[in-house]
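>>> Provided below are the primary sequence and the corresponding predicted coordinates.
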Amino acid sequence: MTIVSAKKNAVSVIRNIGIAAHIDAGKTTVTERVLYYTGRTHKIGEVHNGAAEMDWMEQEKERGITITSAATTCRWKDHIINIIDTPGHVDFTIEVERSLRVLDGCVVVFCAVGGVEPQSETVWRQADHYRIPRIVFVNKMDRIGADFKRVVRQIRDRLGAKPLPIQIPIGVENSFQGVIDLIEMKARIWEESSDDYGTTYLDIDIPQELQEEAQSAREAMIESIADQDDGILQKFLEGSYIEPQEIRDALRKAVIHSSVTPVLCGAALKNKGIQLLMDGIIDFLPSPPDIPPVVGIHPKTGNEEIREAKPDAPFTALAFKIMADSHGKLVFVRVYSGAIEAGNAVFNASQGKKEKIGRILRMHANKREEIKKLYVGDIACLLGLNHTATGDTLCLQNHPILLESLAYPDPVISVAIEPKTVADQDRLNEALAKIADEDPTFHIKVDEETGQTIISGMGELHLEVIVDRILREYGVKANVGKPQVAYRETITTCAKYEEKYIRQIGGKDHFAHVILEVYPRECGAGFEFINEVSPDVIPKEFVKAVEKGIQENLSGGVLLGYQLIDLGVRLEGGGSREEDSSEMAFTSAASIAFRNALERANPVLLEPVMSIEIVCPDEFMGDIMGNLNARRGRTSGLEQRGGSQVIRGMVPLSETFGYATSLRSLSQGRATSTMQLARYEEVPKAIQDQLVAGMGFSVARE
């Protein structure tokens, strides 16, 4: 199936959407059905069989989870839908973040049993940050414990959203047959015994026993839409009949302004509800011209630049993902304005360098087809860009613009890796460089004292997958150490230090005098620098040098050399000499004063603490809670969900290594858990003393 780019005057037929959810909510299963019904694939691939079209990596097939975001393009009712299927596991949240950065709309999939789970809440907050219009698909309506109304309540209560059901289910759990479309007021039934994978269905009148419920739900839907649309409000108050298309038009406007979120339902694995979901994508999610024009700055002047979603506007695109390939580096881009052809030169405004596009590829997971030209609204891959990195802006040199880049969370876990032979060293370096190019949350550093290569990531699974790729994909033979926590350091009291820097370097005197006070800040407040000295005492250019000397020392604290967070520095006094003072002298003086002040300010270690949610059968709850307490965990809430208990709490990351294995053994393989970083907390003094004393602290328990 060949998909062409949207030509001029056809940008309104494009939908750039993401499908996102908590792990195991069924988003890849939903995507597989979308591809099948649109004719993009001729066979439905199942996640549990390791045959999902969008989960193409070996690690994804083996684990049955999505690890990397995969892009594809399909057609539905004369519309082009660019889809990005994103991971659900928190360790790969950057894949969701960078996908949402370039999308116009999103389908958020919730499990009808699990409801609003931790990662789905994270995805929702990320979408809020980028102001992305959403529709919701409540999946797995055929599962035991499914409850459509409860999920809608959770969306309202936990996410602070305005969910608006535009369907209600017909039956539930084993008796789930189809849905009632509240806009058309028709029932759609799928025959479960059919062998056509849900491509045929019956549109019938609403069953008599559901008519009252459907009418009540429709009135509630129209009442909510009437709050957003004066025309609908007037007809509603008059009691006039409102045409389905009027409802769709009003609902579309409300969704684009993020005033409401339509809620649909179905059972993707049983091939129910997907066609109406695709109709919802076309009807309610925005096309590129429906969203505000992209805004950036001129890289030289700093003036605001605006690019409208028009084919004749200057070319502007954002590189949101890099993928290493045997043919070279694939750069995934979203085109915000204009058009570009293979062979054209582009300007990388982020790097200040010219690039030349070799080839343009339309991606379908890891498969590709070559196209000649990209238009506004397109998402595709460029080959031949050697300098471009994730988050860079591509534009025309005579119309430069710099778009907002991406922010990446800091890694929380590290392992040491070393090649087994000298021959493996070059292969390891090449593999690490390529993976770091692909994944901005993956960090590499060499320990200056031991010479060890330390790799850092967002969680145990994240590093496990990366190590697996290094060993298998790149053929490197390497030894890997045990996971280590990426602690942080801060201070708990105020302290001052005065430093007079007087040195003779190269026959010239250097003088600087600074008085610094360091002080703690609240959790999450970050670093701040305050200057309380007049220019007569220390000139402005030397104040900048003072701040530079402090900033250079934030990467390593005085206890164990971990990054410093949540503290402030106040420049309270000092002095300079017209003849002898220099920026170098003030940078050095500030560095010395800062380190000494830190030692006097009662420095402490901070550890990453994870919020954890465990779903387990009732009979195992006691053992699981006991194990959580033994790991310095604390419970914050319990909830009954179907026949299971949901335990919510907090646990230090250092205590979670090997937890998945431990949980399986405690529950006979029937419990599941999810974790994500919540905050940093002070390490108990006994553990800190052991760490500082170099005794190590074994935390992995089985």
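Okay, I see it.

>>> All the helices of the stretch 1-150 of the chain, residue numbers only.
27-37, 58-63, 93-102, 118-129, 148-159 (DSSP state H, counting those that start in this stretch).

>>> Compare the mean pLDDT across those helices and name the weakest.
Least confidently modelled of the helices of the stretch 1-150 of the chain is helix 58-63, at a mean of 54 by mean pLDDT.

>>> Can you report how many residues lie near residue 369?
Close neighbours of residue 369, defined as other CB atoms under 10 Å, add up to 14. The way it works is simple: take the backbone N, C-alpha and C, and place the C-beta from them, glycine included.

>>> how far away is it from residue 383?
Here the criterion is CB to CB, to the nearest Å. By it, residue 369 lies 13 Å from residue 383.

>>> low pLDDT regions in this protein?
1-9, 41-69, 87-93, 192-197, 326-327, 365-366, 448-450, 642-643, 695-702 (pLDDT under 70).

>>> Check it for its longest strand and report it.
strand 603-617 (DSSP state E).

>>> Can you name the element that comes right after that strand?
Later in the chain than strand 603-617, the nearest helix or strand by DSSP states H and E is helix 621-630.

>>> Dump the C-alpha coordinates for that following helix into PDB.
What follows is helix 621-630, C-alpha atoms only, in PDB (Å, rounded to 0.1, in the frame of the first residue of the first chain):
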ATOM      1  CA  MET A 621      -1.400  -9.100  49.800                       C
ATOM      2  CA  GLY A 622       0.100  -9.800  53.300                       C
ATOM      3  CA  ASP A 623       3.300 -11.300  51.900                       C
ATOM      4  CA  ILE A 624       3.700  -8.600  49.300                       C
ATOM      5  CA  MET A 625       3.100  -5.700  51.800                       C
ATOM      6  CA  GLY A 626       5.600  -7.400  54.200                       C
ATOM      7  CA  ASN A 627       8.200  -7.600  51.400                       C
ATOM      8  CA  LEU A 628       7.600  -3.900  50.500                       C
ATOM      9  CA  ASN A 629       8.100  -2.800  54.100                       C
ATOM     10  CA  ALA A 630      11.300  -4.800  54.300                       C
END
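
>>> List the buried residues in that helix.
Buried residues in helix 621-630, counted by 16 or more other CB atoms under 10 Å: 621, 624, 625, 627, 628.

>>> Please look at the second one and residue 647 and confirm they touch.
I take that to be residue 624. Yes: in this structure, residue 624 is within contact of residue 647 by CB atoms under 8 Å, at 6.7 Å.

>>> so what's in contact with those two at the same time?
Applying CB atoms under 8 Å, 6 or more residues apart in numbering, one finds that residue 624 and residue 647 are jointly contacted by 614, 616.

>>> burial count for residue 112?
26.

>>> List the residues that contact the closest residue to it other than its chain neighbours.
Leaving aside its chain neighbours, residue 112 sits nearest to residue 146 (3.7 Å; criterion: CB to CB, 6 or more residues apart in numbering). Residues near residue 146 by CB under 8 Å, 6+ apart: 112, 113, 140, 172, 173, 176.

>>> farthest-separated two in the residues you listed?
113 and 176 (12.3 Å; CB to CB).

>>> In contact with residue 316, which residues?
Residue 316 sits next to 294, 296, 307, 335-338, 393-395, 399, 401, 403 when contact means CB under 8 Å, 6+ apart.

>>> Quick check: residue 323 touching residue 438?
Yes: Residue 323 is in contact with residue 438 according to CB under 8 Å; the separation is 5.9 Å.

>>> So between the two, which is more surrounded?
Comparing residue 323 with residue 438 by other CB under 10 Å, the one with more neighbours is residue 438, at 18 against 15.

>>> Might you report the residue contacts of the more buried one?
Residue 438 neighbours (CB under 8 Å, 6+ apart): 321, 322, 323, 324.
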